[in-house]
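Novice: With the input below, show me the fold.
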Amino acid sequence: MSEQSRPIIIYVDADACPVKAEIYRVAERHGVKVYVVANSFIAIPRDPLIERVIVPSGLDVADDWIAERAGPGAIVVTADIPLASRAINAGAAAIAPNGRAFTEASIGNVLATRNLMEGLRSAGQITGGPPPFAARDRSAFLSALELAIIRWKRGGFTA
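Specialist: Now for the predicted structure:
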């Protein structure tokens with residue numbers, strides 16, 4: 001199936017996703033299918049385009065479910081950098097809830113930085129987490145999601 005004939009699908013790594021309502025609104029406007037993937041019940045709107053997927057508990061089970069299905073035409077919404085990397089490698093677009101679009105060009109550096117920070121945290125060198133989610137993050141996410149959908153509709157995504 002060519003990229004242009006593939007349906008656009010949004011996969012949401014939903015357990016801690018702060019932009020689910022925004023995803024639903026954009027998906028409805030574009031008529032795009034959304035899979036909300038989590039290992040526990042998450043309320044979703046009654047809409048045939050939005051489907052809840054509850055996966056078993058376990059390390060990376062939701063990530064694996066998404067990564068196995070992601071490919072051209074897919075948009076993966078996740079803050080999980082290894083999942084974003086897997087999605088990009090499969091030909092999907094990947095966007096963080098703060099609006100950061102992961103790309104083929106940037107994902108290597110993002111993974112390296114993540115691994116470095118993880119090492120520093122485990123050594124006790126860094127004890128803080130990411131900055132709090134802000135209104136500008138929500139706005140940046142909406143722009144990034146809209147752009148990704150438009151790119152897929154126009155026939156391809158060059159991440």
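Novice: All the strands of this protein, residue numbers only.
Specialist: 9-13, 33-38, 50-54, 74-77, 93-95, 101-102 (DSSP state E).
Novice: Output those as JSON lines; include the columns mean neighbour count, distance to residue 151 and mean pLDDT.
Specialist: Bear in mind the C-beta positions are built from the backbone N, C-alpha and C, glycine included. As requested, the strands of the chain are exported to JSON lines (neighbours: other Cβ atoms under 10 Å; distance: least, Cβ to Cβ, whole Å; pLDDT from 0 to 100):
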{"stretch": "strand 9-13", "mean neighbour count": "25", "distance to residue 151": "13", "mean pLDDT": "97"}
{"stretch": "strand 33-38", "mean neighbour count": "21", "distance to residue 151": "17", "mean pLDDT": "97"}
{"stretch": "strand 50-54", "mean neighbour count": "16", "distance to residue 151": "22", "mean pLDDT": "97"}
{"stretch": "strand 74-77", "mean neighbour count": "28", "distance to residue 151": "9", "mean pLDDT": "97"}
{"stretch": "strand 93-95", "mean neighbour count": "28", "distance to residue 151": "7", "mean pLDDT": "95"}
{"stretch": "strand 101-102", "mean neighbour count": "21", "distance to residue 151": "10", "mean pLDDT": "90"}
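Novice: Go through these and name the closest to residue 62.
Specialist: Nearest of the strands of the chain to residue 62, taken as Cβ to Cβ: strand 33-38 at 4.8 Å.
Novice: which strands and helices sit next to that closest one?
Specialist: Using 3 or more Cβ pairs under 8 Å, 6 or more residues apart in numbering; DSSP states H and E, the elements in contact with strand 33-38 are strand 9-13, helix 20-30, strand 50-54, helix 61-69.
Novice: Give the lowest-confidence helix or strand of the chain, using mean pLDDT as the measure.
Specialist: None of the helices or strands of the chain scores lower by mean pLDDT, DSSP states H and E than helix 107-122, at a mean of 60.
Novice: relative orientation of the top helix by length along the chain and helix 20-30 in degrees?
Specialist: Longest helix in the chain, counting residues (DSSP state H): helix 135-153. With axes from the mean of the first three to the mean of the last three Cα atoms, to 10 degrees as the basis, helix 135-153 and helix 20-30 are set at 30 degrees to each other.
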